[in-house]
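> What shape does this take:
(chains A, B and C)
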Amino acid sequence: MSQYQVLPGPEAFLPPAAASMGNVLPDPGEAHIEGRIVPEDEAYEVFARKVLGAKVPTIFPGPLVLWKWNDHVAEKAKAIRELANEAPMRIIPMADYRPKYPKIEAAVEINPNHPNLTIWHNKIDVCIFIGVHCHQANLSLKIIRGGTNCYTMAMCAMAGHEDACLSFRDADLGKIRKLIDAVKKLKSEGVESQAIPFKQFKLSRAGLVDQSAN
Amino acid sequence: MNKQVELKNKRIIASKHVKLGQKNRMDQTYTDINDIFFKAEQTPNFLTGSEVIREAIKRCSVGTSVAYPITPQSEAAALIGEIYAEGYLDEYFRGESEFAVMGQCAGAAFGGHRVFTTTAGPGTLRAMENFPMWAGARLPIQVCVTCRGVNSPLSIQPDTLEMYYLLETGMLVWHAETAQDLFDFIMKGFIVAEQPDVHVPIAVCCDGFFVTHTKDTVDLPPLDLTLTPYDPYQNPQPVMDMETSPIRMMRDPFVMKSNYISYATHASWQQEIKAAVERSRKHTIPLLDGLIDEYNADRELLIVASGTAVSQSREAIRLLEEEGIKVGLVKIKTIRPFPTEEIRRVTKHAKHIFVPEFNVVGWLAREIKAIIPDNERVYVGPHVCGGMTMPSEVIVEQIKIQLGMETTPLRM
Amino acid sequence: MSKEKIQICEDLADVMPPEYQELVATATYGNQDRGWKDIGSSKELIEQHSLCAGCPESIAFRYILASLPAPEDTVFVGSTGCTSLVFPHVAVHNIHSLFGNQNAIASGLKRTLKSRFPDVEKDVVVLAGDGATVDIGLDMTMQSWFRLEKFTTICFDNELYANTGGQESGLMQKGFVAKMAPKGKNFEKVRLAEIAREAGCAYVAVLTVSKPNRVEQAIKNAIYVAREVGPSFVQLYTPCILEIGKQSMEGLDEMKDSETIGGRFVQKEYITDEAQKLLDSIKEETKARKKAAKEAKKSVNA
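The predicted structure is shown next:
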C-alpha cells in the first residue's frame, strides 16, 4: 500500500481519517507535510510559502486562544494578530463548537459542524487552525478536505493533526512567532503576498462595524 | 506507515507533568512511566491476580474508582477500597449497577480525574451502552475486565465472549495472558489511553479465575514510585470544570438533532474515534515491546492466541516438540488496535494456523481470517466455553487431526 | 472560573461574533444577587433554542439560568430529550451522556470537582425530563439521594415523553390517553416529591414556572442546600403544549390552572430542619448585605 497523502480536496463524499490510512503523527521537533514527516524547521518555510502564495489565506483561531482563560493566552492572541497583519491573512474565529441555529454567518465565523460553508463562502484557499481543541480540529480538517480545495494547516498545542495537509505540534508562543519570522524572511527574499486585497472585518456588540465610515 | 515506530528505543514520549519528581501524600514520587519500567529495579512478588490489580492501582495515581460486586472481579474491587481507605485514591464508592458505575466513572472523567473500575461478564453487558459513550466523549477511563461467561445459562466461570462485544466500542482492548501482563497493562494502559492524540477508554482484559484467582510470581517496581498524575488539560476536548474555554460547551453530542446539522460531522466524529485507536499503536509499541510476541513464528505450523490460551499453547508446543512436531507461537497483546500488519507478516510462511480460544464463537480466528490472504489456512479452534478448561492435550490433538496424524481422542 | 477569566483576548476581540462580546460585557457572572429580574436587562446565558414556540420549558430554562447563584462555577448534567436541544447553547459547561444516567454522571462529577478544587464551591445541577428522572433513570436518581450526593436535581415534568412524540410516562396523570396508553394511563402519577423526601433530599420543591420569583427562590434554595446540607430536588411543571393539544399562548394558563387548589401542582416544599436553618441564615445575610449596600450608596450620593 502506498503512503496516503493528505492533499487539498475535494477528496471524497466521506474521506478517510489519515490515521486510519497509516499516517503517524510527528514526534517532538518534527512536523508533517502532506503525510511526510519532516524536521519542524522545514515546515515553517512551507507554511510561509503557502500563505504568501494564497489568494485568501486565513487564520482560524479557536476558543483556546480567543478566550483569556489563562495568563499566557493574551500573548498568543497578540502574536496571531501580528501574523495576520504581517502576511496579510484574514482572521475568522471559531468562538466555540455549538451548532448555531439556524445557520452560521459564513463571512465572519467558522464552526466544526460545517466548516466547509466558511471555506466556500469566502473562497479560502489556505488556512491555519490555532487554538482549536484537537477533536474538533480533526473533524473540521477532515470535512474541509472532503468537500473543498483548501490547503489546511494546524498549529497544534499537543500532538499534531494527520488530517491537516501540514501540521506542527507542541505549539507555544515561540512557535507562533516563528510563523511570523518565516513569513518575514520569505518577504525579505522578495516573495510577495498574492492575497486579494481585503480589509479585516470588525464586529462590535451591535454587529458588523461599517469600516467605510471610518 | 509514513514513519516506522522503532522497537529498539523502548521509550514513550516522556511526561512533562508539573508534578514530575514531587511527592504525593503517600510519600510516593511521581515518576515517568519509562523510568518506572525501564530504569527502576523490579522485585519478584508471589500474588494473586486480584492482588496484582491492587498493586498496580497503588502505583497509578488514580483519582476515582467506582466498585460493584460481580464475580470474579469483586475481590479486586474491594481491595481497591482498602487502598482508598489507606489514602491511595481520592474517591472510591460502590455504585448501584454496572450501568450506573460506568456513568459515575464518566462523570469523574468529565471532571478531570484518572478513573479506574473493574467488571466482568454480565456486568460488562449491563454496562455496555456506556462504553461507546466513553469513547465518543474521549474519556480515557480504564476498565479491567476479568472475563467470565455471559448469561444464559448463568455461569461465573472463565469465558472470553464478552471481549467480542467490546471490539467495536471505540475502546482500546488489551488482553493479558498472565498476572505480570495484567500489572504491566494496567499501568501502561493509563499512559497510552491518556495521550492527547489517543484519549479514548481502555479495557484491560484478563481471563477470570485463571488469572485473578491463581498465584503467580510478578515483578513489581518499588512502591515509592507512582505514575505522574493525569493532566486533564492535555485533552482533545474541554474539561467539564468551568475552568477551560469555551464555557458555552456541551459534551458530547454537539449534534443533537438532524434538523440543523451536517451528517458529515457525525460520520467524521466516528472516524475520529477509530483514528484515535489507530494512533495508540505508536505509543503502545515501545511500551509493550510490540503489539504481539512471537516465538519461532517462521514455522509452517503456527498457533496464534491471546490471554491464557497462550499459556496453554506454550505447553502444547512443548508436548508436540517431544514428538518432533515443531510449532511456532504468536501472542496477541492488543485486540484493539488489532495488529494487522504484524499478523500478516508473521503468518506469511505458515501453512496451518491454529487459534485456540475460550469462547464459543472463535472471534479471534474471525479477526485473523479477515486480514490475511489464503485464510483457509486458519483452523478455528480448538475452542472451549462456559468455564471449561482447555487442556494442552486438546490443542495437541487438534493439531494432529489437522495434519492427518493418528491420535487417541480425548474424553471428558 | 472567576468572572475575570470569562473575557476575550483583546487582540482578537473585534472579530468575535456580537453574542460573545455581549456575553462578556453584560452577562451576570460573578454577581451573587443575580436573578430572574436580570432577564431583559443583561445578557442571558442561553443564546438560543429550537424548542416549540410558546414552550414553557424554554422560559423555565431562562429562569433557572438567571437564578444560578454562581454560573461561573456551575456544571450542568442533562439527559436525552427536549432539554438536550437547548444545552448546546447554554454558556455553562454541561454534559449529556446517555438517557437516564444523569444522576450517576453528576455523582462522579461532583466528587471529582470537590477533590480537584477543594477551595472552590463547584455547583453541579442535574436538569432532565420526567422520563429520564423517573422512568429509565429512577434507580440512579434515588441512589444518588440515598448516598446523599451533594448536588441539585431538577426535573422538568411535562407528564409525558415529549421529544419522542407524546408517550405515557410515570409522571403522567392517571386516565390521560396518550401514545402507549391507548386506553388511558391506568395508574397514578408517581409521587416523586415524596419519594425524594424519603430518599434523603434535604430540600424538595414542587411548582410550576408561572411565577419567575418562585422559580428563582426554589432554585437558589436547592443549590444552597446542596452545597451545605445534602441532595435537593425541584420538580417544575413545564407542560408540553404540543402533546396536550394546547396553543402556543396557552402554556401559562395551563400552569396557572394546575397550581390552583386541588390541582396537581399546588406549590409545596419539604425542608429538613437543618436545611431550613441554613436557608434562614442565608436570608438574614442577604438582607443585611443588601441593606449595607443601600446605605453605602446613600452615603456616596450624600
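
> before we move on, what SS does whatever residue of chain C ends up closest to chain B have?
Chain B sits closest to residue C:108 of chain C, with a gap of 2.8 Å, by CB to the nearest CB. Just so you know, the C-beta spots here come from the backbone N, C-alpha and C atoms, and that holds for glycine as well. Here residue C:108 is recorded as helix under DSSP: H, G, I helix; E, B strand; the rest coil.

> Go ahead and confirm it touches residue B:104.
Yes - between residue C:108 and residue B:104 there is a contact at 3.9 Å, judged by CB atoms under 8 Å.

> neighbour-wise, which of these two wins?
Shown here are residue C:108 and residue B:104; by other CB atoms under 10 Å in any protein chain shown, residue B:104 has more neighbours (36 against 31).

> returning to that earlier point: which residues are in contact with each of residue C:108 and residue B:104?
Common contacts of residue C:108 and residue B:104 (CB atoms under 8 Å, 6 or more residues apart in numbering or on different chains): B:64, B:66.

> what's the domain layout of chain B?
B:29-227, B:293-402 (automatic domain parsing).

> How many neighbouring residues does residue C:189 have?
Residues contacting residue C:189 under the criterion other CB under 10 Å number 18.

> Reduced to three states, what does it come out as?
With three-state DSSP as the basis, residue C:189 sits in coil.

> Once you drop chain neighbours, what's closest to it?
Closest residue in space to residue C:189, ignoring its immediate chain neighbours: residue C:173 at 5.1 Å, by CB to CB, 6 or more residues apart in numbering or on different chains.

> And that neighbour, how close does it get to residue C:190?
Distance from residue C:173 to residue C:190, counting by CB to CB, to the nearest Å: 10 Å.

> For residue 94, grab the count of nearby residues.
Just going to use chain A. Neighbour tally, residue A:94, other CB under 10 Å: 28.

> not quite, I wanted chain C
Residue C:94 has 24 neighbours, counted by other CB under 10 Å.

> just checking, it touches residue C:83?
No - using CB under 8 Å, residue C:94 makes no contact with residue C:83, being 9.6 Å away.

> quick one: residue B:324 is in a strand?
No - counting by three-state DSSP, one finds residue B:324 to be coil, located in no strand.

> residues near it, how many?
6.

> coming back round to it: just the domains of chain B: most buried one?
domain B:29-227 (a mean of 23; mean count of other CB atoms under 10 Å in any protein chain shown).

> Now do that domain, average pLDDT.
In this model, domain B:29-227 has a mean pLDDT of 97.

> One more: stretch C:108-118?
98.

> do the same with stretch C:31-49
94.

> List the buried residues in it.
Neighbour counts over stretch C:31-49 (16 or more other CB atoms under 10 Å in any protein chain shown) mark C:34-36, C:38, C:42-47, C:49 as buried.

> which among those residues are in contact with chain A?
C:47, C:49 (CB under 8 Å from any CB of the partner chain).

> Tabulate the buried residues of stretch C:31-49 in CSV, adding columns for distance to chain B.
Shown next, in CSV, are those (distance: CB to the nearest CB, whole Å):
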residue, distance to chain B
C:34, 16
C:35, 20
C:36, 21
C:38, 18
C:42, 16
C:43, 12
C:44, 12
C:45, 8
C:46, 10
C:47, 7
C:49, 11
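
> Narrow the buried residues of stretch C:31-49 to those in helices?
Per DSSP state H, helices hold no members of the buried residues of stretch C:31-49.

> And the strands in chain A?
A:30-33, A:36-39, A:57-61, A:90-91, A:126-130, A:151-155, A:166-168, A:203-204, A:207-208 (DSSP state E).

> other SSEs contacting the first one?
By that I understand strand A:30-33. strand A:36-39, helix A:40-53, strand A:166-168 (3 or more CB pairs under 8 Å, 6 or more residues apart in numbering or on different chains; DSSP states H and E).

> from the ones you listed, which stretch is densest packed?
The highest mean neighbour count among those, using mean count of other CB under 10 Å, belongs to strand A:166-168: a mean of 27.

> need the domains of chain B in a markdown table with distance to residue C:7, can you?
Shown next, in a markdown table, are the domains of chain B (distance: least, CB to CB, whole Å):
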| stretch | distance to residue C:7 |
| --- | --- |
| domain B:29-227 | 22 |
| domain B:293-402 | 42 |
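
> Mind checking these for the one nearest to residue C:224?
Proximity to residue C:224 (CB to CB) singles out domain B:29-227 among those, at 21.4 Å.

> those helices in the stretch 101-250 of chain B, which residues are they?
Counting by DSSP state H, counting those that start in this stretch, the stretch 101-250 of chain B has helices at residues B:121-126, B:130-136, B:161-166, B:179-193.

> correction: the stretch 251-400 of chain B
B:263-288, B:308-322, B:340-346, B:363-369, B:392-402.

> Give me the angle between the first one and helix B:179-193.
Spelled out, that is helix B:263-288. 140 degrees (axes from the mean of the first three to the mean of the last three CA atoms, to 10 degrees).

> which ones are touching the closest residue to residue B:232 other than its chain neighbours?
In space, not counting the residues next to it along the chain, residue B:232 is nearest to residue B:112; the distance is 3.3 Å by CB to CB, 6+ apart. By CB under 8 Å, 6+ apart, residue B:112 lies in contact with B:63, B:230, B:232, B:239-241, C:112, C:116.

> Dig out what residue B:357 forms beta bridges with.
Taking DSSP bridges, one obtains residue B:383 as the residues bridged to residue B:357.

> which residues does it contact?
Counting by CB under 8 Å, 6+ apart, residue B:357 touches B:160, B:305, B:309, B:363-365, B:381, B:383.

> In the residues you listed, which has the lowest confidence score?
Minimum confidence in the contacts of residue B:357 sits at residue B:381, scoring 86.

> interface residues of chain C facing chain A?
C:1, C:5-12, C:14-18, C:20-22, C:25, C:47-50, C:88-89.

> buried subset of the residues you listed?
Buried, going by 16+ other CB under 10 Å: C:1, C:5-6, C:8-9, C:11-12, C:14-17, C:20-22, C:47, C:49-50, C:88-89, out of the residues of chain C next to chain A.

> thinking residue A:146 is in contact with residue A:16, fair?
No - assessed by CB under 8 Å, residue A:146 is found out of contact with residue A:16, at 9.7 Å.

> picking that back up, can you list the helices and strands packed on strand A:30-33 in CSV and add mean pLDDT and distance to chain B?
As requested, the helices and strands packed on strand A:30-33 are exported to CSV (pLDDT from 0 to 100; distance: least, CB to the nearest CB, whole Å):
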stretch, mean pLDDT, distance to chain B
strand A:36-39, 96, 5
helix A:40-53, 98, 14
strand A:166-168, 98, 11
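
> closest to residue B:327 out of these?
strand A:36-39 (39.1 Å).

> In PDB, could you pull the C-alpha coordinates for the closest one?
The C-alpha trace of strand A:36-39 is given here as PDB (Å, rounded to 0.1, in the frame of the first residue of the first chain):
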ATOM      1  CA  ARG A  36       5.500  13.200   5.200                       C
ATOM      2  CA  ILE A  37       7.400  13.600   8.500                       C
ATOM      3  CA  VAL A  38       9.900  16.500   8.300                       C
ATOM      4  CA  PRO A  39      12.100  18.400  10.700                       C
END
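
> What is it packed up against?
Identification of packing neighbours for strand A:36-39 by 3+ CB pairs under 8 Å, 6+ apart yields strand A:30-33.

> Tell me the strands beside the strand it packs on, with direction?
By DSSP bridges, strand A:30-33 pairs with strand A:36-39 (antiparallel), strand A:166-168 (antiparallel).

> So what touches the longest one?
So the one you mean is strand A:36-39. A:3, A:24, A:26-27, A:29-32, B:2-3.

> OK, contacts around residue B:224?
Residue B:224 neighbours (CB under 8 Å, 6+ apart): B:27-29.

> can I get those in a markdown table with distance to chain A and secondary structure?
Compiled in a markdown table, the contacts of residue B:224 are given as follows (distance: CB to the nearest CB, whole Å; DSSP: H, G, I helix; E, B strand; the rest coil):
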| residue | distance to chain A | secondary structure |
| --- | --- | --- |
| B:27 | 31 | coil |
| B:28 | 27 | coil |
| B:29 | 24 | strand |
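
> Format those residues as JSON lines; extra columns: distance to residue C:234.
Formatted as JSON lines, the contacts of residue B:224 follow (distance: CB to CB, whole Å):
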{"residue": "B:27", "distance to residue C:234": "45"}
{"residue": "B:28", "distance to residue C:234": "43"}
{"residue": "B:29", "distance to residue C:234": "47"}
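
> I appreciate the help and will end here.
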